[in-house]
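In: I'd like to go over a predicted model; first the sequence, then the structure.
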Amino acid sequence: MAATVTSVMGNSSQPHRMKNIKAVAESPGLNSIPSNYTYSTNPRHEQFLASDPNDDDSIPIIDFSMLTSSSPDQRSKAVHDLGKACQDWGFFMVVNHDIPEDLMKKVINGVEEFFNLTDEEKLEFEGKDVLDPIRCGTSFNATKEKVFFWRDFLKVLVHPHFHFPNKPTGFSDVSLEYCKRTRKLARELLRGVSESLGLGECYMEKALDFEKDGLQIFIGNLYPPCPQPELAMGMPPHSDHGLLTLLMENQGGGLQLLHKGKWINANALPNSFLVNTGDHLEIFSNGKYKSVLHRAVVNNKATRISLAMANGPSMETIVSPDSRLLGFEKPAYKPMKYKEYLGLQQGNQLDGKSCLDRVRV
C-alpha cells in the first residue's frame, strides 16, 4: 500500500503496488502465508526464551490516582514505584487514570473503521516520506525489507500540530480529544519519572521542550488472523524512539516484552494502558532507565487492533545524557537531534536496538 515492490504472493516478477496485509489475510482459500512473510529469528535474539505461564514475574502496575494524589505519602510511593518499574522493567501498566473508557472504545473503533476503508480511500493517506504527517502502509518499512511483517499501520503526527485523515466520518474529532487526554497522562507520568530520577518534577519536560513542542504520534496497528502464526511476526523485537509510549488494544494478547532473558506476555487489565520507556529516556538518563525490547506476535483466530501513542521531545531538541545525572560517570551516548534519530530509525529496517547502538559512545 505504501510501497512499490514485487508481488507479496510471489507470482509475478513485475514490480507493482504492494498488497496490505488485510487484503492478503482475506485472500480466498489462504491456508499458508506467502514466503516473504516467513520470519526468521535474528541470531542475536535466539537465546531469549518464550514466556512461562507459571512465571512469577508480573508487570508492574502504576496507580495513576496515587501519582496525582494530594497526599504526599501516596504520591511519594507512586513515584518510587514508577522509578523502580522504569529501572527494572522499562515497562508498566497504568490503572485508575481519568480517560473515559467510552472514549477509548470509540477511538479503537475508529482505527478499525479506518482499516476497513477501501484500498483506494486509504491510498489518499499513504504518504511518501517517513516523516510525513499522515502515513499509512503495511509491514514497517516495506521499501527496505526482504521479509514483511503481518501488520498494517496508520501513523499520524498529532502534536505540536494536529494532523489527521478526514475519513472515516467522526474519526478525527474523537481522536483529537483522545490525543489531548493521553498527552496530559503522558506529561504527568513524565513528571513522576523526572522526580524519580532526583530531578524536579518539571525538569525533564523543560529540558526536552516536551510541553510546548514535544512530538506525539498516533500509531494504529492492524494484525489480522494469520494461518501460520508460528511462522510470521507482527512486529520484530525493537525498542521505541522517544520517551514514553502508551498503548491500548481491542483484546488481550499479542504484545510481548523482553524481561530477564524471557519474552513476557503483556496482558492488559480492562481500561488500562501499557506503557514502555523509549530510547530517549535511556539516553537522557545515561542508561539508568533503559528502553525495553518488545515485539508483536500474531494469532490465527482474531484480529488484534492496537493503538500506540508515542511521546517524545521536540523534533529540534538535541538529546544527550543530562549533566545532572552523570555525576562522575562519562556520557554513554552521543548527542543527536531527535528529528535526525527519528528519520534514521523509521527509514531503515527495524532490528532490536540497532538505532540506539549508533549513538552509543
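Out: Arrived safely, thanks for sending.

In: ok, which stretches of the stretch 101-250 of the chain are helices?
Out: All helices of the stretch 101-250 of the chain, identified by DSSP state H, counting those that start in this stretch, fall at 101-115, 119-123, 171-196, 203-207, 210-213.

In: Quick one: those as CSV, columns for mean neighbour count too.
Out: Glycine gets a C-beta too; all of them are placed from N, C-alpha and C. As requested, the helices of the stretch 101-250 of the chain are exported to CSV (neighbours: other C-beta atoms under 10 Å):
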stretch, mean neighbour count
helix 101-115, 17
helix 119-123, 14
helix 171-196, 20
helix 203-207, 18
helix 210-213, 16
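
In: For P72, which of those helices is the nearest?
Out: helix 171-196 (11.9 Å; C-beta to C-beta).

In: Ok, which of the helices of the stretch 101-250 of the chain comes nearest Q74?
Out: helix 171-196 (12.0 Å).

In: Poorly predicted segments of the stretch 101-250 of the chain, please.
Out: Filtered on pLDDT under 70, the stretch 101-250 of the chain yields the residue ranges 142-144.

In: rerun that using 80 as the cut-off
Out: 139-146 (pLDDT under 80).

In: Mind putting the helices of the stretch 101-250 of the chain into CSV with distance to I59?
Out: Shown next, in CSV, are these (distance: least, C-beta to C-beta, whole Å):
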stretch, distance to I59
helix 101-115, 19
helix 119-123, 34
helix 171-196, 15
helix 203-207, 23
helix 210-213, 25
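
In: Quick one, which of these gets closest to D129.
Out: Across the helices of the stretch 101-250 of the chain, closest to D129 is helix 119-123 (C-beta to C-beta), at 16.0 Å.

In: follow-up on the earlier one: quick one, which of the helices of the stretch 101-250 of the chain is nearest to A296?
Out: Using C-beta to C-beta, the nearest of the helices of the stretch 101-250 of the chain to A296 is helix 101-115, at 14.9 Å.

In: Could I get the contacting residues of K301?
Out: P225 (C-beta atoms under 8 Å, 6 or more residues apart in numbering).

In: among the helices of the stretch 101-250 of the chain, which is nearest H161?
Out: Going by C-beta to C-beta, the one of those nearest H161 is helix 210-213, 9.7 Å.

In: which stretch among the helices of the stretch 101-250 of the chain comes nearest S71?
Out: Nearest of those to S71, taken as C-beta to C-beta: helix 171-196 at 14.4 Å.

In: The helices of the stretch 101-250 of the chain: which one's closest to V94?
Out: Taking the helices of the stretch 101-250 of the chain one by one with C-beta to C-beta, helix 171-196 is closest: 7.2 Å.

In: follow-up on the earlier one: do you know which of the helices of the stretch 101-250 of the chain lies nearest C86?
Out: helix 171-196 (6.1 Å).

In: Check the offset of that closest one from the chain's centre.
Out: 15 Å (C-alpha atoms, centre = their mean, to the nearest Å).

In: by how many degrees do that helix and helix 101-115 diverge?
Out: 120 degrees (axes from the mean of the first three to the mean of the last three C-alpha atoms, to 10 degrees).

In: Of the helices of the stretch 101-250 of the chain, which is nearest D88?
Out: helix 171-196 (12.1 Å).

In: that older thread, the helices of the stretch 101-250 of the chain: which one's closest to A23?
Out: helix 119-123 (6.9 Å).

In: what's in contact with that closest one?
Out: With C-beta under 8 Å, 6+ apart as the criterion, helix 119-123 contacts M1, N20, A23, F114, F115, C136, K167.

In: Is the fifth one in contact with D152, as I believe?
Out: Yes: using C-beta atoms under 8 Å as the test, F115 is close enough to D152 to be in contact (6.1 Å).

In: Now the common contact residues for those two.
Out: Common neighbours of F115 and D152 (C-beta under 8 Å, 6+ apart) are K22, L222.

In: What's the local residue count around the closest residue to H294 other than its chain neighbours?
Out: Distances taken as C-beta to C-beta, 6 or more residues apart in numbering place L257 nearest to H294, at 4.3 Å, with adjacent residues excluded. Neighbour count of L257, defined by other C-beta atoms under 10 Å: 21.

In: which of the residues in stretch 125-140 are buried?
Out: By neighbour count on 16 or more other C-beta atoms under 10 Å, the buried set for stretch 125-140 is F125, E126, V130, P133, I134, R135, C136, G137, T138, S139, F140.

In: For the third one, give me the backbone phi and psi.
Out: In this entry, V130 is assigned phi and psi values of phi -60, psi -20 (degrees, to the nearest 10).

In: picking that back up, out of the helices of the stretch 101-250 of the chain, which gets nearest to I219?
Out: Among the helices of the stretch 101-250 of the chain, the nearest to I219 by C-beta to C-beta is helix 101-115 (9.6 Å).

In: can I get the CA coordinates of that closest one in CSV?
Out: Extracted C-alpha coordinates of helix 101-115, given in CSV (Å, rounded to 0.1, in the frame of the first residue of the first chain):
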residue,chain,number,x,y,z
GLU,A,101,-13.5,4.0,28.9
ASP,A,102,-16.1,5.1,26.3
LEU,A,103,-13.6,7.4,24.6
MET,A,104,-11.0,4.6,24.5
LYS,A,105,-13.6,2.3,22.8
LYS,A,106,-14.6,5.0,20.3
VAL,A,107,-11.1,5.7,19.2
ILE,A,108,-10.3,1.9,18.8
ASN,A,109,-13.4,1.5,16.8
GLY,A,110,-12.3,4.5,14.7
VAL,A,111,-9.0,2.7,14.0
GLU,A,112,-10.8,-0.4,12.9
GLU,A,113,-13.1,1.6,10.6
PHE,A,114,-10.1,3.3,9.0
PHE,A,115,-8.6,-0.1,8.1
